[in-house]
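J.: Here is my input; please provide its structure:
(one chain, ligands or ions: 1)
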Amino acid sequence: MADEVIWTEAVRDQLLRAAAAAAPRECVVVLGGTRAGTQTSVTDLVAVPNAAYSCDSFALAPDVFASAEHTLRDRGLAFLGFAHSHPEGTPAPSLRDRAELWTGCLQLIVAGERVHAYRLDRDRVPHVVSLTMQGPTA
Ligand SMILES: [Zn+2]
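T.: Below you'll find the model as predicted:
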């Protein structure tokens, strides 16, 4: 699947801020935007509390997810996926991520200033998704 994800400086800044605020724990962010064909545009996000107990994982309570998705829908946006951070690591899916992340949807991983995008297929194999910054006139 030719998969292209467009995002904005504003979303990137919000995401880096959420990651910095959550450190040393992982941040959890619900991503919203629009989809047209194979192109996904991330235009908004909702940072939610990390329900995990340990520093090297993240979890999301079902009611928290439902309310974040509702917030996005109220803004006229579709739920696209999640972002989380690896405060001490690299922006690559961990073994736990490969086992636990939702398949199909967009997964952004933040490490420091780096953000990489993935999508796990049905067999939980992560595929790198290209992330393109939206130009000022786009
Ligand atoms: Zn992870």
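
J.: alpha carbons only for contacts and neighbour counts from here, please
T.: Fine.

J.: okay, which residue is most central for this protein?
T.: residue 83 (2.2 Å; Cα atoms, centre = their mean).

J.: strand partners of the helix or strand harbouring that residue, parallel vs antiparallel please.
T.: Residue 83 is part of strand 78-85, with elements assigned from DSSP states H and E. Here strand 78-85 is paired, per DSSP bridges, with strand 28-36 (antiparallel), strand 106-111 (parallel).

J.: Check which element follows the shortest one along the chain.
T.: What that stands for is strand 106-111. In N-to-C order, the element after strand 106-111 by DSSP H and E is strand 114-120.

J.: Run the angle between that following strand and strand 106-111 for me.
T.: 150 degrees (axes from the mean of the first three to the mean of the last three Cα atoms, to 10 degrees).

J.: centre of the chain versus strand 114-120, how much separation?
T.: In terms of Cα atoms, centre = their mean, to the nearest Å, the centre of strand 114-120 is found 8 Å from the chain centre.

J.: Going C-terminal from that strand, what's the next secondary structure element?
T.: Downstream of strand 114-120 (by DSSP H and E), the next one is strand 126-133.

J.: Please state the mean pLDDT value computed over that next one.
T.: Averaged across strand 126-133, the pLDDT comes to 94.

J.: repeat for stretch 23-34
T.: Stretch 23-34 comes out at a mean pLDDT of 95.

J.: May I see the buried residues of that stretch?
T.: Using 16 or more other Cα atoms under 10 Å as the test for burial, stretch 23-34 gives 25, 26, 27, 28, 29, 30, 31, 32, 33, 34.

J.: Residue 72 is in contact with the last one, correct?
T.: Read that as residue 34. No - using Cα atoms under 8 Å, residue 34 makes no contact with residue 72, being 10.6 Å away.

J.: between those two, what contacts are shared?
T.: residue 78 (Cα atoms under 8 Å, 6 or more residues apart in numbering).

J.: Outside of stretch 26-35 itself, which residues are in contact with it?
T.: By Cα under 8 Å, 6+ apart, stretch 26-35 touches 15, 18-19, 21, 40-50, 55-60, 65, 68-69, 72, 77-87.

J.: How far off centre is that stretch?
T.: The mean C-alpha position of stretch 26-35 is separated from the chain mean by 5 Å, Cα atoms, centre = their mean.
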